[in-house]
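Enquirer: Structure of the sequence below:
(chains A and B)
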Amino acid sequence: MDLTLSPTELEFRDEVRGWLAENDPGHEPEGDEAGFEFRRGWQRKLNERGWAGLSWPERYGGAGATQIEQAIFYEEIARAGAPQMANTLGLAMGGPTVIAHGTEEQRERYLSPILSAEEIWCQGFSEPQSGSDLASLRTRAVRKGDEWIVTGQKVWTTYAHQSKWCMLVARTDPDAAKHRGLTYFLMDMEQDAVEIRPLRQITGEAEFNELFIEEARIPHENIVGGENNGWSVAITTLMHERAGLAFALQVEVQIALRQLMERAKEIGAADDPVIRQRLAQLYIEAQVLRLNAYRGLTRMAKDGQPGPEGSIGKWHWGEVNQSLTELALDLAGPRAQLVDDPWTYRFLRARANSIEGGTTEILKNIVAERVLGLPRAK
Amino acid sequence: MNFDLSEDQVTIGRTAREFLGARYRLEEVRRLALEEERGFTDAQWEEIAELGWPELAVPEDQGGQGLGTVELAVVAEELGYALAPTPLQSTWAAGLLLAAAGEAERLAEGRRGTVAQWDEDTDGAPDHSTLEPDGNRLSGTKLAVHDAASADLMVVTAAGGRHFVLATDAPGVSIESAEALDTTRRLFTVTLDGADAEELTADESAFGRAWHAIAVASAAESVGVGQRAMEMAVAYAKDRTQFDRPIGTYQAVSHRCAQMLLEVAGARSATHWAAWALDFEPETAKVAASMAKAYASDCGARVTASALQVHGGIGFTWEHDLHWFLKRANANAHSYGDARWHRDQVAAAVLG
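Expert: A predicted model of the protein is given here:
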């Protein structure tokens, strides 16, 4: 066990820290479009430095960095308060999936524009009738010559407006058992057959969309991982989502907690013994998140892929972030009735943390069945 | 950066698991708790002494093995997993404080020690005492002293962060058995009436480090207790059938078990980190130790209670073994500083 950084890792940290200090992008502008373009510009800059696909293999435009270096990078980004990159889903999920399951031609075609943020990616998994039971999805794809004709509906699609490619899972064999008849496609979003409708959420904003797909066309060559093999490809995407984002998310929790502690001090609540206990407990939980993320990275470095333990991290993160925002609301006192406080937004937004990317209930099932070996729930 | 035990540390843990599993089957734990006056036998202690465990973390220049706090935590977790009734943990506590003063050799040759810390009017701070020494003479009452009757010597805390050591059979020391929540560990009320003691001298920071290591060892033990209770619950949930199916197929049961894993894994991470910090990053060690003890105290108490719930009625019977784990976890949670006290330490460090 050694929690110190090696000389190479320290050198990398200092390099990132120095570069971020010299290339401070400033504050993100207001407004969805402007904010997005700002993050796209930032990603280009990072990509020119070779850091957009930090842990991707060098032959695909990455820097071939270790998981630990990737973690150091996230921590430095957070420390500097630098913005996120624009192509979050392409970088964290799409790219790794194409690297793992794609053909060499697909890697040539798709990876570079992901890194440069030239082509943004979104995810078409969930449907109105298929949330946790993803494999029951009904969007149909029927082959016609060299093309597949797709009809159906997807929901919770982030970045749909900006996206060029959608990671779409559709049913290609209606007669097969439900996990077996699915195929993973890369669907071009720039076609009239795809209608995007914003989905207003409890915060009042529309971060997500619904997709209405009416006979959209996807070339056969856009299948990733083979026909009717979509389930295992989708699982790869989800595992990467949980493992890759888990580290970044716990860093965000550390930052939010620091802000909350500052606030508690400012308003004198830091002397209240009950608040002190709650803040200390959150501090401990946030540290446990961080340590478990490091443990996960150590394991990934050994086994080469994220394990089911990643589910614990995502589930725990949701709980910690929710408690944190609940405490923030308590600190606001009567002002919590007003919506003029950024913490009110965060409180509302955090309610989705235990739903998005796998509900806490599904993650507990995964832990119970795949880690503890309990019999499957019926 | 590598957050995993080394091969040597894994081997130490595996050896401890095998040894303790063979010597302390649960029938034996029960027999020791209920029938053996001191809660352990000479043969058992001699074997533990031969393994070198009592002086595991004592520096080599004081006759110890000079291993680190991580190794100590690894063995402590196994003691909890086996629920071994042994005066080893109380001897460790005494040894760590003695080592801070360079006096760990007092425990050479398999001698046993303990720490008398809780005054009758204790405020729950493990390193704070109101006992006012009169020169080197100590008078006062100490509660819940572990294994005092079988210990050779006792470290006694006194006002002003001072520490004294004396033989348990010294004049003016009376030791009276107290009824313990966790009967796998013997507790005593120690009354000192002008007992002549020697003061231990060390830097405040050296004593502080010893107390942090004691807290980490206790946290590690709770991790082991939680791990075992979780395994018992999972095994029972697979085996027990109601309404024609294993109860583990019900999410009300399986999600409880998943929650146990989240807490046990988290407590282990916090404990290993704190143990590592004590050896390699002293500036973080104090807050890390309190974080580990707070989290592991809660984890042990909650996981054993939840495991009992999974077992249903059978878990509430004296005949079943689970209650021993529940009692150890709750006793541990309140020794060497409870979760609330340790959270206060964390709050003081991060909020001022």
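
Enquirer: Check whether the longest helix seen in chain A comes near chain B.
Expert: Taking DSSP state H as the criterion, chain A has its longest helix at helix A:230-266. Yes. Helix A:230-266 comes into contact with chain B (Cβ under 8 Å from any Cβ of the partner chain), by way of A:261, A:264-265. C-betas here are computed from N, CA, C, even on glycine.

Enquirer: Just the element for the residue most central in space within chain B, please.
Expert: Closest residue to the average C-alpha location of chain B: residue B:218 at 3.2 Å, with Cα atoms, centre = their mean. Secondary structure from DSSP states H and E places residue B:218 in helix B:204-239.

Enquirer: that older thread, skipping adjacent residues, who's closest to the residue nearest to the centre of chain B in space?
Expert: residue B:336 (4.8 Å; Cβ to Cβ, 6 or more residues apart in numbering or on different chains).

Enquirer: Could you verify that that neighbour is part of a strand?
Expert: No. Counting by DSSP: H, G, I helix; E, B strand; the rest coil, residue B:336 is not found in a strand; it is coil.

Enquirer: Pull the number of nearby residues for residue 239.
Expert: Using chain A here. A total of 20 residues lie near residue A:239 under the criterion other Cβ atoms under 10 Å in any protein chain shown.

Enquirer: my question was about chain B
Expert: Neighbours around residue B:239, by other Cβ under 10 Å: 10.

Enquirer: what does residue A:210 give?
Expert: For residue A:210, using other Cβ under 10 Å, the count is 17.

Enquirer: For it, list the residues it contacts.
Expert: By Cβ atoms under 8 Å, 6 or more residues apart in numbering or on different chains, the contact list for residue A:210 reads A:153-155, A:157, A:196-199.

Enquirer: Also residue B:273?
Expert: A:3, A:287, A:291, B:3, B:288, B:292.

Enquirer: Does the fourth one touch residue A:300 like I think?
Expert: No. The pair formed by residue B:3 and residue A:300 falls short of the contact definition of Cβ atoms under 8 Å, at 11.4 Å.

Enquirer: Report the contact partners of whatever residue of the stretch 1-150 of chain B ends up closest to chain A.
Expert: Of all residues in the stretch 1-150 of chain B, the one sitting closest to chain A is residue B:3 (4.2 Å; Cβ to the nearest Cβ). By Cβ under 8 Å, 6+ apart, residue B:3 lies in contact with A:1, A:3, A:291, A:294-295, A:297-298, B:269, B:272-273.

Enquirer: Apart from its chain neighbours, what residue comes closest to it?
Expert: Closest to residue B:3 by Cβ to Cβ, 6+ apart is residue A:294, at 4.2 Å.

Enquirer: what does residue B:212 give?
Expert: residue B:289 (3.7 Å).

Enquirer: For residue 348, which three-state class applies?
Expert: Went with chain A since none was named. helix.

Enquirer: Could you list the domains of chain A?
Expert: Split into domains by automatic domain parsing, chain A comes to A:7-115, A:120-228, A:233-371.

Enquirer: Redo those as a markdown table? Include distance to residue B:30.
Expert: A markdown table is the format used below for the domains of chain A (distance: least, Cβ to Cβ, whole Å):
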| stretch | distance to residue B:30 |
| --- | --- |
| domain A:7-115 | 46 |
| domain A:120-228 | 44 |
| domain A:233-371 | 30 |
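
Enquirer: in the helix holding residue B:218, what counts as buried?
Expert: Buried residues in helix B:204-239, counted by 16 or more other Cβ atoms under 10 Å in any protein chain shown: B:206-234, B:236-238.

Enquirer: what mean pLDDT does that helix have?
Expert: Helix B:204-239 shows a mean pLDDT of 97.

Enquirer: Please tell me how far it is from the chain's geometric centre.
Expert: 8 Å (Cα atoms, centre = their mean, to the nearest Å).

Enquirer: how far away is the residue of chain B most remote from its centre from chain A?
Expert: When distances are taken from the C-alpha mean of chain B, residue B:244 lies farthest, 41.5 Å away, according to Cα atoms, centre = their mean. Residue B:244 is 11 Å from chain A, where distance means Cβ to the nearest Cβ, to the nearest Å.

Enquirer: Any chance you could list what contacts stretch A:61-81?
Expert: A:5, A:9, A:12-13, A:16-17, A:20-21, A:24, A:47, A:50-51, A:53-58, A:111-112, A:115, A:247-248, A:251-252, A:254-255, A:293-294, A:297, A:300-301, B:1.

Enquirer: hmm, I was thinking of stretch A:137-155
Expert: A:124-130, A:166, A:168-172, A:174, A:182-183, A:185, A:187, A:193, A:199, A:208, A:210-221, A:223.

Enquirer: among those, which ones are buried?
Expert: Buried among the contacts of stretch A:137-155 by 16+ other Cβ under 10 Å: A:124-127, A:130, A:166, A:168-172, A:182-183, A:185, A:187, A:208, A:210-211, A:213, A:216, A:218, A:223.

Enquirer: Please, where are all the strands along the stretch 151-300 of chain A?
Expert: A:163-171, A:182-188, A:194-199, A:208-219, A:223-224 (DSSP state E, counting those that start in this stretch).

Enquirer: ok, back up a step: just the pLDDT at the residue farthest from the centre of chain B, thanks.
Expert: 96.

Enquirer: Then the one 10 residues further on?
Expert: At residue B:254, the predicted lDDT confidence score is 98.

Enquirer: what's the burial count for it?
Expert: 26.

Enquirer: Need the phi and psi values for the closest residue to residue B:337 other than its chain neighbours.
Expert: In this structure, residue B:337 finds its nearest non-sequential neighbour in residue B:126, 4.2 Å apart by Cβ to Cβ, 6+ apart. For residue B:126, the backbone dihedrals are phi -70, psi -30 (criterion: degrees, to the nearest 10).

Enquirer: any idea how far residue B:126 is from residue B:146?
Expert: Remark: distance between residue B:126 and residue B:146 (Cβ to Cβ, to the nearest Å) = 13 Å.

Enquirer: who has more neighbours, the two?
Expert: residue B:146 (24 against 21).

Enquirer: so that one sits right up against residue B:86, yeah?
Expert: No. Residue B:146 is beyond contact range of residue B:86, at 10.7 Å (criterion: Cβ under 8 Å).

Enquirer: What helix or strand is residue A:301 located in?
Expert: Per DSSP H and E: helix A:273-303 holds residue A:301.

Enquirer: and that helix, which residues are buried?
Expert: Buried residues in helix A:273-303 (16+ other Cβ under 10 Å): A:275-300.

Enquirer: what's it packed up against?
Expert: helix A:67-80, helix A:230-266, helix A:310-332, helix B:251-280, helix B:282-311, helix B:339-351 (3 or more Cβ pairs under 8 Å, 6 or more residues apart in numbering or on different chains; DSSP states H and E).

Enquirer: who touches the very next helix or strand once past the fifth one?
Expert: Looking back up the chat, that one is helix B:282-311. Downstream of helix B:282-311, the first helix or strand assigned by DSSP H and E is helix B:322-333. Residues external to helix B:322-333 that are found in contact with it (Cβ under 8 Å, 6+ apart): B:26, B:29-30, B:33, B:80, B:83, B:180-185, B:218, B:221-222, B:225-226, B:228-229, B:232, B:297-298, B:300-301, B:303-305, B:307-308, B:311, B:315-316, B:339.

Enquirer: rerun that using 6 Å as the cut-off
Expert: Contacts to helix B:322-333, defined as Cβ atoms under 6 Å, 6 or more residues apart in numbering or on different chains, come from residues B:83, B:181-182, B:184, B:218, B:221-222, B:225, B:229, B:297, B:300-301, B:304, B:308, B:311, B:315.

Enquirer: Name the spans of chain A whose pLDDT lies under the cut-off.
Expert: A:241-245, A:304-309, A:378 (pLDDT under 70).
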